[in-house]
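**Student:** Next comes the sequence, and after it the predicted model I'd like to discuss.
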Amino acid sequence: MVGEFARSWEPLLSLQNALEKAMNQDFFGFATTDRGVFPPISVFKDQDHLLLTAELPGVDKNQINIEIKNDLFRLYGERQPEVDFKEVSVHRRERTLGRFDRTLKLPFSIDTDQVVARYENGVLKVTLPLAESAKTKKVKIS
């Protein structure tokens, strides 16, 4: 039953990815490179944890929010401009500004009470301990 519930979110996650890609298109001609999805996220696993890293240069840590529910991880916030665009003319802009919102389906159940997040040098590192039910257990054969 839980698996069916989780699978019911997959079409919405696919739609979100398509919308993120569409929103990152350069409609106004200011950007000079393909920006892709922001922020870029990587997920790694060791024996007892998932480690999620997200590149968020120029984002104030008070503008970053994390939510975890079941196996869904949501990272959202806003990157503020470093200059007042009313006072300057833009000749080149490769950094995205404004709101961002990413939701990932985690591959394992997480112990949400033990999650730790650190933000340093523009990189968010989130340690997500695996729930006991998601850990590999050795079975002794008798």
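**Tutor:** Cool, the structure landed. Values in this document were obtained by computation on a predicted structure and should not be read as measured data.

**Student:** Flag the shaky bits of this protein, pLDDT-wise.
**Tutor:** Along the chain, segments meeting pLDDT under 70 span 1-9, 20-36.

**Student:** right, and residue 114 touches residue 129 too?
**Tutor:** Yes: Residue 114 is within contact range of residue 129, at 4.4 Å (criterion: CB atoms under 8 Å). Glycine gets a C-beta too; all of them are placed from N, C-alpha and C.

**Student:** Between those two, which has more neighbouring residues?
**Tutor:** residue 129 (18 against 12; other CB atoms under 10 Å).

**Student:** Just the residues contacting whichever strand or helix holds that one, thanks.
**Tutor:** If you go by DSSP states H and E, residue 129 is part of strand 123-129. With CB atoms under 8 Å, 6 or more residues apart in numbering as the test, strand 123-129 has contacts from 39, 48-56, 64, 66, 68, 73, 75, 106, 110-111, 114-119.

**Student:** What segments of the chain are helices?
**Tutor:** Applying DSSP state H to the chain gives helices spanning 2-7, 10-23.

**Student:** elements contacting the last one?
**Tutor:** So that's helix 10-23. Under the contact criterion of 3 or more CB pairs under 8 Å, 6 or more residues apart in numbering; DSSP states H and E, helix 10-23 touches strand 98-105.

**Student:** I'm done for today, thanks for sticking with me.
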